[in-house]
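Trainee: requesting a structural model of the entry that follows:
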Amino acid sequence: MKLAGTTLLLAGTSLAFQSQPEHQIPLDAALAAPGAWLSRGHSSPAPSYRDELLSLHKALVEISSVTYTENAVGNFLVDYLHTRGFVVSPQFVPATPESEREGNGKPRFNVIARPGPMTNSTPSLLVTSHIDTVPPYIPYSRSDEQVSADTSFAGRGSVDDKASVAVQITAVTELLAAGLIDPKAVTLLFVVGEERTGDGMRYFSDQLQSHQFSFKAAIFGEPTEGKLACGHKGYFGCNITAHGKAGHSGYPWLGKSATEVLMRGLLKVLDTDLGSSDRFGNTTINVGTIHGGVAPNVIAELATAQIAGRVAIGPEPDGGRIVKDRVIDVLKSVDKDAFEVQCNDGYGVVKCACDVPGFETDVMNYGTDVPNLKGNHIRYLYGPGTILVAHAANEAIQLADLESGVEGYKKLILHALKEDVGEL
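Mentor: This is a model prediction of the structure:
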């Protein structure tokens, strides 16, 4: 396959990459939502791109790409985009202890593509999604042979986030073919690692900053049910250890149960208002794991839990830390000596631009790569499919959502580029 060597030209500067392998904000009802022409159960003429869109989506979903094993899907995208006239640069992401432990030994890379030929021009818009998925791999399938708006396409990544990848490529290709956008204005980016640490986008961002380059706008693809997201909640995570004193369970006053202390602490955390806002609702805590004790007749000396918080307050750099500190204070109010808490500071609510005519809007409760791309660019978050099935065994998306996603992306890309030149 022919690649763009080991350099990607952005803003006239050569970026050298390693050569090694809750609540909805309604819009004016008079504004038509993108893709409304393709309603459920309504027979509409197939768009010219339907076969190519479904073929690309199928090919992506058929390739397993659980986080840290994205090599095969990355290679597929490099070949696919190159054969369609894009200049493609794989950006190899440095290995981490997690990727070495959980990966398949093959190099991991982001896929960066620009409509050719390559020039020294400055692309103003980044269109990006992630190519990794959560486990386990689920094979591709479709609900019926006769394609209609209600035909479902299932499999791991069919929604999160290979639907956005397929739709973004199709939308950009359609706009280029129609001569509606300048090829020099757009860059496609498909990153690894979003479902775990975001190391793909973080590395891409670091490289941009090291060369003092930034985009004027970025559109991030995630399942938003075809609504334009005004932002999403922040995030932080903690490992909590409760220390007790072992003893015979018949004489509980002679010991101190770490499991009891841990449970009382977690319940108080869950019952506490850790922060809320009108737009993003309440901060929520998920107690993901609990372990403790050695036997039912022994007072537990040690107990542990892992929690994840969805943060509903800002500011973005500090909101996660603020809520984390509140959690620690609550635990100490239960027992000032028993708890050992290790947390990441995370981040607060992430705000995105959503004042675009023709879109319904909402806020999302999940995390994305949006905060991992540093800079002063305008941020948009949009994509087909619903997060409610994204990590589930029944992950699937309907044809209507894929095709309305293409139309939505076309509208959003045109809006972002017009806003850049001051036409909106």
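Trainee: look at the residue lying closest to G234 once chain neighbours are set aside and report its pLDDT.
Mentor: In this structure, G234 finds its nearest non-sequential neighbour in V311, 3.3 Å apart by C-beta to C-beta, 6 or more residues apart in numbering. (C-beta placed from N, C-alpha, C; glycine too.) Note for V311: predicted pLDDT of 98.
Trainee: ok, V311 to L274 distance?
Mentor: 8 Å (C-beta to C-beta, to the nearest Å).
Trainee: out of the two, which sits in the busier spot?
Mentor: Comparing V311 with L274 by other C-beta atoms under 10 Å, the one with more neighbours is V311, at 29 against 20.
Trainee: quick one, what contacts the closest residue in space to P94 that isn't next to it in sequence?
Mentor: Nearest residue to P94, sequence neighbours excluded (C-beta to C-beta, 6+ apart): Y203, at 6.8 Å. When contacts are counted by C-beta atoms under 8 Å, 6 or more residues apart in numbering, Y203 touches Q91, V93, P94, N110.
Trainee: try 10 Å
Mentor: With contacts defined as C-beta atoms under 10 Å, 6 or more residues apart in numbering, Y203 is in contact with 17-18, 91-94, 108-110, 191-193, 372.
Trainee: buried set for whichever strand or helix holds it?
Mentor: According to DSSP states H and E, Y203 maps onto helix 199-210. Residues of helix 199-210 classed as buried by neighbour count (16 or more other C-beta atoms under 10 Å): D199, G200, M201, R202, Y203, F204, S205, Q207, L208.
Trainee: ok, now stretch 359-379?
Mentor: By 16+ other C-beta under 10 Å, the buried positions in stretch 359-379 come out as 359-364, 367-373, 377, 379.
Trainee: can you measure across that stretch, start residue to end residue?
Mentor: Chord length of stretch 359-379, first to last residue, is 15 Å (C-alpha to C-alpha, to the nearest Å).
Trainee: give me the distance from it to the chain's centre.
Mentor: With C-alpha atoms, centre = their mean, to the nearest Å as the basis, stretch 359-379 stands 9 Å off its chain's centre.
Trainee: centre-most residue in this structure?
Mentor: Per C-alpha atoms, centre = their mean, the C-alpha nearest to the average position across the chain is that of T368, at 3.4 Å.
Trainee: ok, it touching Y380?
Mentor: No: T368 is beyond contact range of Y380, at 11.3 Å (criterion: C-beta atoms under 10 Å).
Trainee: could you tell me which residues touch both of those two?
Mentor: Common neighbours of T368 and Y380 (C-beta under 10 Å, 6+ apart) are F220, G221, A229, C352.
Trainee: how about low-confidence regions in the chain?
Mentor: For the chain, the stretches with pLDDT under 70 are 1-44, 118-119, 420-424.
Trainee: show me what the longest helix belonging to it is packed up against.
Mentor: Longest helix of the chain, by residue count under DSSP state H: helix 399-420. If you count contacts as 3 or more C-beta pairs under 10 Å, 6 or more residues apart in numbering; DSSP states H and E, helix 399-420 packs onto helix 50-62, strand 125-130, strand 152-154, helix 162-177, strand 186-191, strand 217-221, strand 228-232, strand 378-382.
Trainee: swap the cut-off to 7 Å and go again
Mentor: helix 50-62, strand 125-130, helix 162-177, strand 217-221, strand 378-382 (3 or more C-beta pairs under 7 Å, 6 or more residues apart in numbering; DSSP states H and E).
Trainee: just want the angle from the first one to helix 162-177.
Mentor: Spelled out, it's helix 50-62. Here helix 50-62 points in a direction 140 degrees away from that of helix 162-177 (axes from the mean of the first three to the mean of the last three C-alpha atoms, to 10 degrees).
Trainee: likewise for the fourth one?
Mentor: Regarding strand 217-221 and helix 162-177, their directions subtend 140 degrees when assessed with the same axes, to 10 degrees.
Trainee: flag every buried residue along strand 217-221.
Mentor: For strand 217-221, a neighbour-count test (16+ other C-beta under 10 Å) marks A217, A218, I219, F220, G221 as buried.
Trainee: parallel or antiparallel, which strands does it pair with?
Mentor: Strand 217-221 has the following sheet partners, assigned by DSSP bridges: strand 125-130 (parallel), strand 378-382 (parallel).
Trainee: just name the most buried of those.
Mentor: Most buried of those by mean neighbour count (mean count of other C-beta atoms under 10 Å) is strand 125-130; its value is a mean of 26.
Trainee: now that strand against helix 199-210, angle please.
Mentor: Going by the same axes, to 10 degrees, strand 125-130 makes 150 degrees with helix 199-210.
Trainee: so which elements touch the helix or strand just after strand 125-130?
Mentor: The first helix or strand that comes after strand 125-130 along the chain, using DSSP H and E, is strand 141-142. Judged by 3+ C-beta pairs under 7 Å, 6+ apart, the packing partners of strand 141-142 are strand 152-154.
Trainee: what segments of the stretch 301-424 of the chain are helices?
Mentor: Remark: helices assigned in the stretch 301-424 of the chain by DSSP state H, counting those that start in this stretch are 319-334, 399-420.
Trainee: which residues are in contact with the closest residue in space to V167 that isn't next to it in sequence?
Mentor: Closest residue in space to V167, ignoring its immediate chain neighbours: G405 at 4.0 Å, by C-beta to C-beta, 6+ apart. The contact partners of G405, by C-beta atoms under 7 Å, 6 or more residues apart in numbering, come to A163, V167, G226, G383, P384.
Trainee: isn't the second one right up against Y409?
Mentor: Right, V167. Yes: with contact defined as C-beta atoms under 7 Å, V167 reaches Y409; the gap is 5.7 Å.
Trainee: sorry, back to before: need the residues touching each of V311 and L274.
Mentor: Residues touching both V311 and L274 by C-beta under 7 Å, 6+ apart: T283, V323.
Trainee: can you count the residues close to the residue lying closest to P252 once chain neighbours are set aside?
Mentor: Leaving aside its sequence neighbours, P252 sits nearest to I299 (C-beta to C-beta, 6+ apart; 6.2 Å). Close neighbours of I299, defined as other C-beta under 10 Å, add up to 24.
Trainee: mind listing what I299 touches?
Mentor: Counting by C-beta under 7 Å, 6+ apart, I299 touches G244, K245, A246, G247, S249, P252, G255, S257.
Trainee: ok, now K374?
Mentor: S205, Q209.
Trainee: re earlier: identify, from the buried residues of strand 217-221, the entry nearest to A393.
Mentor: Taking C-beta to C-beta as the measure, A393 sits nearest to G221 out of the buried residues of strand 217-221, at 22.7 Å.
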